[in-house]
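>>> Pasted the sequence and its predicted model underneath.
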Amino acid sequence: MDLIVFEDEHLLVVNKPAGWNTHSPAPFAGEGLYEWLRNHRPRWSGLAIIHRLDKETSGLLVFGKTPAANRSLTRQFDRRMVAKKYIFLTDRKPSFPQPPVRSALARLGAKYAARPPRPGAPPAETLFAAAGARADDYTMVEAVPLTGKTHQIRVHAAARGFPILGDALYGGTPAPRLCLHAAQLQFAHPLTGRPVSFSVPPDFKADTRLALRAAIIDPSLTDACRLVHGAADGWPGLYVDRLGEDLLARTAAALTAAQRRRIEALGARAVYHQRLERQERPPPQWLWGAPATRETVVRENGLRFALRLDEGASTGLFLDQRDNRRRLADRYVGPGFEIAPAPEVLNAFAYTCAFSVCAAAGGGRVTSVDLSRNYLAWGRRNFLLNGLDPSAHDFIFGDAFDWFRRLAKKKRLFDLIILDPPTFSRSRQSGVFRAETDYGALTAAALPLLKPGGILLAATNAAALAPEDFLEAVTGAIVRSGRTVLRRQYAPQPPDFPIERAEPAHLKTVWLRVD
């Protein structure tokens, strides 16, 4: 599905997928649609929320892009000058009274009105009409709210005896999703005053989880993402990644028949499976499809990366860092938080240098440090895949802590330092590193290399380290070093890694500008 329905200088109209909050419900929850947009492109940095949809409701949302648009739209919504039409499914057999239709609702074709009582609340009115013939034991209904109160349509439909399919809160029959869709908006354009109308038909049969991925990922730029994220996507213990034309499934045990059917339904050239062992993670095993090849090249935000499905625990690219890599390449972290042109960048745990490639693509000169010569060679390969000259950048084999000391002695300073260490590592020079206990020491060791006003990107995948404790470890080390955090932006994992109570966030990332 296309996320953007319309955009001009004043308005942004989007088609929100079901299952995505309008805005983030908590500080360390995943980004809502609003935050994701503002942090995605500079031209969306000034967006304002004018109205909201429930998380499980799909359909049209309008955001203001300028103060004048915000004032106009807010006034129109507050004064009920915006005509809204929703479509929903019910498995009951509604019948409608037929009073005359008044005012702007005639333009939407509403025909029938119902006024169920809401004790203790101001009077509210919703107009209902049959939206089509009954099919598959479901009736499609049009609903036009005159007040826009939270849950109004859901409450009124239930009160009339035809609750929305999937709306268990108000007596609806269980279904894979809440079958409610904001289908049409009409209002006056904030600049010209002329009427504008936007409409998007519902697709209640679509897989809502795949629809969300399709909304946020442009396949012409990115063909690597997570398709199934465990319990958050209704499949506890199953994780499936799209890697170009191939799929990689991960489970703690052998695949069940139901899991195999789910994977087969996604479609792929080849399918691989990796066991998530407690102590170690064996390489993926080819299951079915085209013969396995040593290297697969995927696209991410227009850049190319080589993956190897026979190369140990990881394939060469951590997909949950996709949005942070985009921020680095675009030199845009979020509203008021931009990266200067041509920065000097230190990538301290470079692995296969994906962050380094993005920094170089954004105009930076990058020093990549890793404890594996093999991974650094892999990193050079990624540079070449993107037309970047590896010889214009530094690739240093060795222990990060040791090289922090060496670079400090040489008085090297960097505009941006990336710290994305493994959760656990061991080296001859520095011994054992555990992210849960040693992240503060890592931050303190890197700070002498960061220029005043420079940016620190700190990340960890340590599941046992709570976001609050991670931030305290990083910011505490900065304060104890006698420096000050000028700006901080927490960046949760992207929407294709949804965060739910049953599937808590594993990735913690923060961008900090330090004096």
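Received it, and whenever you're ready, just let me know what you need.
>>> distance between stretch 10-20 and the chain's centre?
Put simply, stretch 10-20 sits 14 Å off its chain's centre (C-alpha atoms, centre = their mean, to the nearest Å).
>>> Repeat that for stretch 379-388.
The answer for stretch 379-388 is 26 Å, by C-alpha atoms, centre = their mean.
>>> Enumerate the positions of that stretch that are buried.
Neighbour counts over stretch 379-388 (16 or more other C-beta atoms under 10 Å) mark 379-383, 388 as buried. In short, each C-beta sits where N, CA and C put it, glycine included.
>>> Domain-wise, how is this structure divided?
Using automatic domain parsing, the domain parsing of the chain gives 4-199, 218-300, 318-514.
>>> Quick check: bridge partners of the residue lying closest to Asp2 once chain neighbours are set aside?
Nearest in space to Asp2, with sequence neighbours left out and distances taken as C-beta to C-beta, 6 or more residues apart in numbering, is Asn15 at 6.6 Å. On the basis of DSSP bridges, Asn15 takes part in beta bridges with Leu60.
>>> what sits against Asn15?
In this structure, Asn15 makes contact with 1-5, 58-60, 200, 215, judged by C-beta atoms under 8 Å, 6 or more residues apart in numbering.
>>> which of the residues you listed are buried?
Buried positions within those, assessed by neighbour count (16+ other C-beta under 10 Å), are 3, 5, 58-60, 200, 215.
>>> Put together CSV for the domains of the chain, with distance to Glu311 and mean pLDDT on each row.
CSV is the format used below for those (distance: least, C-beta to C-beta, whole Å; pLDDT from 0 to 100):
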stretch, distance to Glu311, mean pLDDT
domain 4-199, 29, 85
domain 218-300, 7, 92
domain 318-514, 8, 95
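>>> Would you mind listing the residues in contact with Val200?
The neighbourhood of Val200, defined by C-beta under 8 Å, 6+ apart, consists of 5, 15, 59-60, 181, 183-184.
>>> What is the neighbour count of Ala348?
Neighbour count of Ala348, defined by other C-beta atoms under 10 Å: 24.
>>> go on, His156?
His156: 24 surrounding residues under other C-beta under 10 Å.
>>> Gln285 now?
When neighbours are defined as other C-beta under 10 Å, Gln285 has 13 of them.
>>> Then Gly132?
When counting by other C-beta under 10 Å, one arrives at 11 neighbours for Gly132.
>>> just Lys409 next, same as before
Neighbouring residues of Lys409 were enumerated by other C-beta under 10 Å; the total is 9.
>>> again with Ser372
Number of residues near Ser372 (other C-beta under 10 Å) recorded here: 13.
>>> And the one 5 residues further on, by the same measure?
Close neighbours of Ala377, defined as other C-beta under 10 Å, add up to 14.
>>> Can you classify it by secondary structure?
helix (DSSP: H, G, I helix; E, B strand; the rest coil).
>>> So the residue lying closest to Phe6 once chain neighbours are set aside versus Pro504, what's the distance?
Spatial nearest neighbour of Phe6, chain neighbours left out: Val13 (4.1 Å); criterion: C-beta to C-beta, 6+ apart. When distance is defined by C-beta to C-beta, to the nearest Å, Val13 is 33 Å away from Pro504.
>>> Those two - which one has more neighbours?
The neighbour count for Val13 versus Pro504, taken as other C-beta under 10 Å, is higher for Val13 (17 against 13).
>>> Where does that one sit: helix, strand or coil?
Applying three-state DSSP to Val13 yields a three-state assignment of strand.
>>> Was I right to think Gly334 contacts Arg38?
Yes: under the criterion of C-beta atoms under 8 Å, Gly334 is in contact with Arg38, at a separation of 6.6 Å.
>>> which neighbours do these two share?
With C-beta under 8 Å, 6+ apart applied, the overlap between the contact sets of Gly334 and Arg38 consists of Ser45.
>>> before we move on, the earlier item: and the buried ones among the contacts of Asn15 as a markdown table, adding secondary structure and distance to Glu277?
Shown next, in a markdown table, are the buried ones among the contacts of Asn15 (DSSP: H, G, I helix; E, B strand; the rest coil; distance: C-beta to C-beta, whole Å):
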| residue | secondary structure | distance to Glu277 |
| --- | --- | --- |
| Leu3 | coil | 38 |
| Val5 | strand | 45 |
| Ser58 | strand | 39 |
| Gly59 | strand | 43 |
| Leu60 | strand | 46 |
| Val200 | coil | 45 |
| Ala215 | helix | 34 |
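>>> want to try CSV for these, with distance to Leu89 as columns?
Listed next are the buried ones among the contacts of Asn15 as CSV, based on distance: C-beta to C-beta, whole Å:
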residue, distance to Leu89
Leu3, 23
Val5, 22
Ser58, 12
Gly59, 14
Leu60, 18
Val200, 16
Ala215, 21
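>>> Secondary structure of Trp511: a strand, I assume?
Yes: secondary structure of Trp511 (three-state DSSP): part of a strand.
>>> For it, the count of nearby residues, please.
Neighbour count for Trp511, taken as other C-beta under 10 Å: 22.
>>> Can you tell me who it pairs with across the strands?
Using DSSP bridges, the beta-bridge partners of Trp511 come out as Leu457, Gln489.
>>> contacting residues around Leu346?
Contact analysis of Leu346 by C-beta under 8 Å, 6+ apart lists 366-367, 369, 407, 414, 416-418, 446, 449.
>>> and it, how far is that from Arg428?
Where Arg428 is concerned, Leu346 sits at a distance of 22 Å (C-beta to C-beta).
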